[in-house]
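[1] have a look at this prediction, sequence included:
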Number of protein chains: 2
Amino acid sequence: MPSSADPHRPADAGARATAHRLMAEARTAALSFLDPASALPSISRIGFGLGPDGLPLAFLSAIALHTAALHRTPACALLIGDPPPKGDPLAGPRLSLQATAEFLAPTDPGQEARRKGWLASHPKAVLYIDLPDFRFVRFRPLGGLLNGGFGKAFYMRPADLLPPS
Amino acid sequence: MPSSADPHRPADAGARATAHRLMAEARTAALSFLDPASALPSISRIGFGLGPDGLPLAFLSAIALHTAALHRTPACALLIGDPPPKGDPLAGPRLSLQATAEFLAPTDPGQEARRKGWLASHPKAVLYIDLPDFRFVRFRPLGGLLNGGFGKAFYMRPADLLPPS
């Protein structure tokens, strides 16, 4: 809801670079989704990474509540970038994305590259990466906000979130 | 959406203790809310603490997008508990709460105790705690999930989230 007091500016090159760094370094994200039973906002922590196509990726269990929710309502949001371990916890940069979740079948042509990339960034996933009820989920960003700390906030368009060329 | 494969158990004393510890130690939380413009799930990081009444509390700026959103739709969710700095980032315990946000007027009788408690836990807030466009927001939990790591998940009723007596 932009207003005259809206503190967000259009993304610049520095904002785009920070957003890409946050996505490339993140191993988890907070996922905002709609509870299918109540249609109320809900939230979970999920494993997070970038796929070989440069788009945000997760690897989700069929028994997780958020997985059933994303099947029902693919519109969701992700918060990427952990609070800093020291100093003002709200000074650390973070990226919030509004996105659409796409479940990828194991027969999808990119599966082997995704599996290999995910294991490289999430080695503990070797325990469950080949279980039959897990699926990769690709997030197509609809837009986002980058908060680089107090007073440094940017609107991110989908084009601002594409991999650097 | 509980099912026969639902991995969540009812909260026990250990789960309640972990939930209280996470809430007492947290200085930030991820907030899941509905974007007023699109009604789509959105997400932000906010400062988080427990109020003198033991209920979850935030201190929000009127110009933040999530503040306008909570005025419109007080139903929201919070994720509390940061990923561990080492080891499997999904092994760390976290609490997700569905809640209703209540804005507290500066004339509310508990304001001075809240202000003092917030400054003790969030010392950087001294920079803006007396600005006129900030408000405390109390979150009344409607329910929650505690995830203590792979395979350790609990349903939390509102009573499980009350301060220990």
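    That came through fine. Numbering: from 1, shown residues only, chains lettered A, B, ... in the order given.
[2] so what strands line up beside the host helix or strand of residue A:45?
    Secondary structure assignment for residue A:45, by DSSP states H and E: strand A:41-47. According to DSSP bridges, strand A:41-47 forms sheet pairs with strand A:28-34 (antiparallel).
[3] which element follows the strand holding residue A:45 toward the C-terminus?
    strand A:49-50.
[4] give me the contact list for that next one.
    A:23, A:24, A:26, A:27, A:56, A:57, A:58, A:117, A:118, A:121, A:122, A:163 (C-beta atoms under 8 Å, 6 or more residues apart in numbering or on different chains). Where you see a C-beta, it was placed from the backbone N, CA and C, and this is true even at glycine.
[5] could you export these as a markdown table, including secondary structure?
    Below are those laid out as a markdown table (DSSP: H, G, I helix; E, B strand; the rest coil):
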| residue | secondary structure |
| --- | --- |
| A:23 | helix |
| A:24 | helix |
| A:26 | coil |
| A:27 | coil |
| A:56 | strand |
| A:57 | strand |
| A:58 | strand |
| A:117 | helix |
| A:118 | helix |
| A:121 | helix |
| A:122 | coil |
| A:163 | coil |
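[6] tell me, which of the residues you listed make contact with chain B?
    residue A:27 (C-beta under 8 Å from any C-beta of the partner chain).
[7] shaky segments in chain A?
    A:1-5, A:150, A:165 (pLDDT under 70).
[8] centroid residue for it?
    residue A:78 (4.3 Å; C-alpha atoms, centre = their mean).
[9] doesn't that residue belong to a strand?
    Yes: counting by three-state DSSP, residue A:78 is found in a strand.
[10] let me know how buried residue A:101 is, in neighbour terms.
    23 (other C-beta atoms under 10 Å in any protein chain shown).
[11] residue contacts, it?
    A:70, A:74, A:76, A:137, A:138, A:139.
[12] who does the last one bridge with?
    It stands for residue A:139. residue A:101.
[13] tally of neighbours for the nearest residue to residue A:134 once chain neighbours are set aside?
    Nearest non-adjacent residue to residue A:134, counting by C-beta to C-beta, 6 or more residues apart in numbering or on different chains: residue A:61, 5.4 Å away. Close neighbours of residue A:61, defined as other C-beta under 10 Å, add up to 16.
[14] buried ones among the contacts of strand A:49-50?
    For the contacts of strand A:49-50, a neighbour count by 16 or more other C-beta atoms under 10 Å in any protein chain shown gives the buried set as A:23, A:26, A:56, A:57, A:58, A:117, A:118, A:121, A:122.
[15] tell me which residues touch the nearest residue to the last one once chain neighbours are set aside, please.
    Setting aside the residues directly before and after it, residue A:122 is nearest to residue A:47 in space (C-beta to C-beta, 6+ apart), at 5.6 Å. Neighbour list for residue A:47: A:27, A:28, A:58, A:59, A:122, A:125, B:89, B:90 [criterion: C-beta under 8 Å, 6+ apart].
[16] what's the closest of those to residue A:152?
    Proximity of these to residue A:152 was ranked by C-beta to C-beta; the top entry is residue A:28 with 23.3 Å.
[17] just give me the neighbour total for that closest one.
    22.
[18] correct me if wrong: it contacts residue A:59.
    No: the criterion here is C-beta atoms under 8 Å, and residue A:28 misses it with residue A:59 at 11.5 Å.
[19] returning to that earlier point: report the beta-bridge partners for the residue nearest to residue A:122.
    Under the criterion used (DSSP bridges), residue A:47 bridges to residue A:28.
[20] from residue B:89, how far out is it?
    As judged by C-beta to C-beta, to the nearest Å, residue A:47 and residue B:89 stand 8 Å apart.
[21] mutual contacts of the two, please.
    Contacts common to residue A:47 and residue B:89, judged by C-beta under 8 Å, 6+ apart, are A:27, A:28.
[22] for chain A, what spans make up the strands?
    A:8-10, A:28-34, A:41-47, A:49-50, A:56-61, A:75-80, A:94-104, A:134-147, A:153-156 (DSSP state E).
[23] closest one to residue B:12 among the ones you listed?
    Taking the strands of chain A one by one with C-beta to C-beta, strand A:41-47 is closest: 21.1 Å.
[24] distance from the chain centre to that closest one, please.
    10 Å (C-alpha atoms, centre = their mean, to the nearest Å).
[25] please save the CA atoms from it in CSV.
    Extracted C-alpha coordinates of strand A:41-47, given in CSV (Å, rounded to 0.1, in the frame of the first residue of the first chain):
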residue,chain,number,x,y,z
PRO,A,41,-1.8,-16.5,7.1
SER,A,42,0.6,-19.2,8.3
ILE,A,43,4.4,-19.5,8.4
SER,A,44,7.1,-22.2,8.3
ARG,A,45,10.8,-22.5,8.0
ILE,A,46,11.9,-24.4,4.9
GLY,A,47,15.1,-25.3,3.2
